[in-house]
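> generate coordinates for the sequence data below:
(chains A and B)
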Amino acid sequence: MTQDFPQSALLHADYMAMLRRKRLYSALMLALFVALMASGFVVVDERNAGGFWGGLHRLFDFPASVLSEAWEKRAALPGHIVEYFPTLLETVNIAAVSTLFGAILGTLLSMLATQGLAPWPRLIPLFRRIMDVMRAVPEIVIALILIFVLGGGPVPAMIAIAFHTVGALGKLFSEVNENASLKPVEGLTSVGASWGQRMVLGVMPQVAPNYLSYALIRFEINIRASAILGFVGAGGIGYELKNAISWGQGRFDAAAAIFLMLFLTIVAVDQLSGWLRDLLTHGRQRGIFA
Amino acid sequence: MTLATTNPDLRGQARRLLRRKQAQAFGLPLLVLAYLAYALFAFDIPGLLRSASPENGATLVRDIYSYKTHATRDNRSGAVTFAIEGERKGQYPEGQHPDWVAQSDGVTTITLRRGETVRYFPDHVEVALPDYGTIRATPGSGGVQATFPEGARPDWINASRNRVTINAPGGKITITRNRTEVFRYSLGWELFFFTLDSPYHGMGPAQLLSHALNGEAPQIWHDFWHNAMWRHADVAWALCETVMMAFLGTFGAALVALPLAFLAARNFTPLVLVRQFFRRLFDLCRGVDALIWTIVLARAFGPGPLTGALAILLTDTGSFGKLFSEALENVDGKQIEGIRSTGANPVQRYRFGVLPQVIPVLLSQVLYFFESNTRSATVIGAITGGGIGLLLTQAMITTKDWEEVTYYITLVILTVFAMDSLSGWLRRKLIKGAPAAP
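Numbering: from 1, shown residues only, chains lettered A, B, ... in the order given. Sure, this is the predicted structure:
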């Protein structure tokens, strides 16, 4: 066949050469990746206090001892749950308030950083950079600095999480804004609306469902973050957890109660926000005046 | 007209709708405000304002852009030492002193930034303040005998029987029975490049370059890299460790989650029981937060970066399992059928029918997680004791070396930026024409 069409033979050879090159690149990438993973594992394993293979068989010792102690003192479990419920509420409050503040400021920043909506188009790169920096700072840094200045408690954690949330939500919101239609904005401009009015009346109705959906995801993330910050001293259930497990033997029943509460809260918020987001994206075909 | 006849109450309907929208427009902000008011009390803001310490904030800010040099005289032995930040590693070698100090005939003269001079005499101290006059203080067995100029004493001078403290604009002077100490503030980060014991301390860039060209480059690099004050080598290593934690955790999770995701996807695993089992497993991994995993794993593996990497791995296995199985449920069955029609076995069908469809989507998700895990690894490092997170918390807990904290924060931000651009570049390179963001 190919003798009859010399061009196709050339084409075939060309194709095979390209395929070989592609395979070679893929193999090289894979080899590099495997080498990085393996060497990384070896180095990290060496730097750890206990090795991976030595610790593997002890993996279930701690959960087992927590569970067995909690089971022995299972009568105390409801008491612990009542005792620690206020701190759980504090953790959730930290997450909720910081998500609220983060969403409000993130909305503002995202509108300042979106082409077509920004009142000062020249400053768009500046606002984008600000959001990048806010996203890049780990929460723990701000929390620890604020604990030094303000003293312990929920507020440093709240500010730290809100700071990060502004950057994270601002970026997502500005991506949403880019898809918003500018026609309502132009219409409002033509009747002399101010920038704030244009944003609130022209843009917000278009983007609100997507905003809400992103804010809910962020709320899930922030609950986890606020539990972690509590562990380093910023109040909430994380702090109680730290105390319960660092008191050594004898307080594992409290630790188990906290583990359980934290787990249930995270799962519940995940489910609730998943359901709400589903409603926001799919449940919007309900007649013209819905 | 026709519309009105088919639905005569359209006007009333629209009015009701508008009223409801109005109620929503006002009700929602009110609800938010009410919640914030509740949070104000729940967080005890008034109590916080009372406990806040502006002095701590001022120290922090001043420490970020300046450092202080201690000029200390031991009043019993008469020895005068100069040390940056009062640390041993910042101490001037015997016989050397900063250039704002003059020593002659047993008298040490220290000039501060606003023209104040402090003179250490063998038996007494004289502090000359330009707008105020000269203070003479004699430390002795009965405490500190101080004489002040006539008139009212300003409130930045604090004198008691055992201690005289002068908070002059150019520096702070403390005189007690045992020692006399002057803190002089200077701009910048002290000894960032070379410590005092290095021969290259105080050289300009041009001078350093000429030394480097003369073959001293390795020596210069060594002195900089092993700077005892800033420990650049350790910091770089800690950063590496943090990135490694994120890398191993994220990509390890992806490798674990990919095969499991097949078992949790509806179109690949018809058995409901198996599917549900793996879905609940993923939920468990995600629901038990990285914090709890870190605690549990630290008990088995001890503190260190491995624990952090495994904690990230476990949490992300849950997230990836969910995301991957959703992506797998959306694959196009036609391509698999096409591969099957050529007589391919199941492994080949997966390799050529399924993976090419999902890999770009999965890779993009994995890279996004890698970015955010670089940040999480800092926090997890602070809990489990590995990487830059550990250095950060150590520097913060001493509440002294804020310039080091600033240095670490800057490095963390730069690393996160670098990871952002690296993963963005990889995404563009590997996934041409893929959607921008999930």
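> nearest residue to B:Ile295 other than its sequence neighbours?
Residue nearest to B:Ile295 in three dimensions, not counting chain neighbours: A:Ile245, with 6.2 Å by CB to CB, 6 or more residues apart in numbering or on different chains. (Glycine included, C-beta is placed from N, CA and C.)
> swap in B:Met229?
Leaving aside its chain neighbours, B:Met229 sits nearest to B:Leu191 (4.7 Å; criterion: CB to CB, 6+ apart).
> surely that neighbour and B:Asp197 touch.
No - counting by CB atoms under 8 Å, B:Leu191 stays clear of B:Asp197, with 10.0 Å between them.
> what's the helix or strand for the residue of the stretch 151-300 of chain B found nearest chain A?
Across the stretch 151-300 of chain B, the shortest distance to chain A (CB to the nearest CB) belongs to B:Arg299, at 3.7 Å. In this assignment (DSSP states H and E), B:Arg299 forms part of helix B:290-301.
> which other residues reach stretch B:209-220?
Here stretch B:209-220 makes contact (CB atoms under 8 Å, 6 or more residues apart in numbering or on different chains) with B:Tyr200, B:Met203, B:Leu208.
> in ChimeraX, select just the buried ones from those.
Burial among the contacts of stretch B:209-220 is assessed by 16 or more other CB atoms under 10 Å in any protein chain shown; the matching ChimeraX selection reads:
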select /B:200,203,208
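> can you say which helix or strand has residue 278 in it?
I'll assume chain A. With DSSP H and E as the criterion, A:Asp278 is inside helix A:252-282.
> switch to chain B, that's the one I care about
helix B:272-287.
> buried sites along that helix?
Quick answer for helix B:272-287 (16+ other CB under 10 Å): B:Arg275, B:Phe278, B:Arg279, B:Leu281, B:Phe282, B:Asp283, B:Cys285, B:Arg286, B:Gly287.
> who's in contact with the spatially closest residue to B:Thr165 that is not a sequence neighbour?
Nearest residue to B:Thr165, sequence neighbours excluded (CB to CB, 6+ apart): B:Asn158, at 4.4 Å. Contact analysis of B:Asn158 by CB under 8 Å, 6+ apart lists B:Val164, B:Thr165, B:Ile166, B:Asn167.
> lowest mean pLDDT among the helices and strands of chain B, which one is it?
helix B:2-6 (a mean of 53; mean pLDDT, DSSP states H and E).
> helix or strand right after that helix?
Proceeding N to C from helix B:2-6, the next assigned helix or strand is helix B:10-42, under DSSP H and E.
> returning to that earlier point: list of residues touching the helix holding B:Phe278?
A:263, A:266-267, A:270, B:257, B:260, B:263-266, B:269, B:314-315, B:317-319, B:321-322, B:325.
> one more: stretch A:133-145?
With contacts defined as CB under 8 Å, 6+ apart, stretch A:133-145 is touched by A:156-157, A:159-161, A:163-164, A:166-168, A:170-171, A:225, A:228-229, A:232-234, B:60, B:375, B:378-379, B:382, B:389, B:392-393, B:396, B:405, B:409, B:412-413, B:416-417, B:420.
> then stretch A:209-217?
Contact partners of stretch A:209-217, identified using CB under 8 Å, 6+ apart, comprise A:99, A:103, A:107, A:169, A:172-173, A:176, A:273, A:276-277, A:280-281, A:284.
> assign a three-state SS to B:Arg73, would you?
For B:Arg73, the assignment made with DSSP: H, G, I helix; E, B strand; the rest coil gives strand.
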